[in-house]
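1. Structure, please.
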Amino acid sequence: MEIFGPLIVALAIALLFTPLWIVIFFKYRIPWKMARDAGVPVTYKEIWAMSLRRIPYVQIVKARIAYHESGFEVSVDDLCLHFLQGGNLVMVLEGMQKAKSKNMNLSFEQACKLDLKDKGVF
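-> Model (predicted):
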């Protein structure tokens, strides 16, 4: 009879947390799968963290894929930071693509500074 006490508690905990994990799994599966199919590493943890910070994680994942397809490796954290500063990720990507086509070396940080400078943030 002593064995059933801890077993019932463990079962109750499992029944409480299983629906939560199922919801988290299916809510963040689509952006995670989009990134995985594109060959861009984005983890569930990163997507969940963006969601907690009220960052549109699908937009960030799509931007990460676009940067990767253009040949630029930019981290999710850098994209989130620029978004939170009020920057436009599409404009930065277009600027980096134009600079690349003109054989200019423009880093992501430099492009972000130019984008924020145009908005009057600096």
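2. ok, residues contacting the helix or strand bottoming out on mean pLDDT in the chain?
-> Every helix and strand in the chain was compared by mean pLDDT, DSSP states H and E; the lowest is helix 4-27, with a mean of 83. Applying Cβ atoms under 8 Å, 6 or more residues apart in numbering, the contact partners of helix 4-27 are 44, 48, 51. C-beta: built from backbone N, CA, C; applies to glycine.
3. following that helix, which helix or strand comes up?
-> Counting by DSSP states H and E, the next helix or strand C-terminal to helix 4-27 is helix 29-38.
4. So for that following helix, mean pLDDT?
-> Helix 29-38 carries an average pLDDT of 94.
5. Pull out the buried positions in it.
-> Neighbour-count burial for helix 29-38, counted by 16 or more other Cβ atoms under 10 Å, picks out 31-32, 34-35.
6. again with stretch 85-105
-> Result for stretch 85-105 [16+ other Cβ under 10 Å]: buried residues 87-89, 92-93, 95-97, 99.
7. Just name the closest of those to Ala63, please.
-> Nearest to Ala63 among those is Leu89, at 4.4 Å by Cβ to Cβ.
8. For Pro41, which non-adjacent residue is closest in space?
-> The shortest distance from Pro41 to any non-neighbouring residue, by Cβ to Cβ, 6 or more residues apart in numbering, is to Ala35 (7.2 Å).
9. actually His68, not the one I wrote
-> Using Cβ to Cβ, 6+ apart, the nearest residue to His68 is Val40, at 4.7 Å.
10. do the same with Cys80
-> With sequence-adjacent residues excluded and distances taken as Cβ to Cβ, 6+ apart, Cys80 is closest to Ile55, at 5.5 Å.
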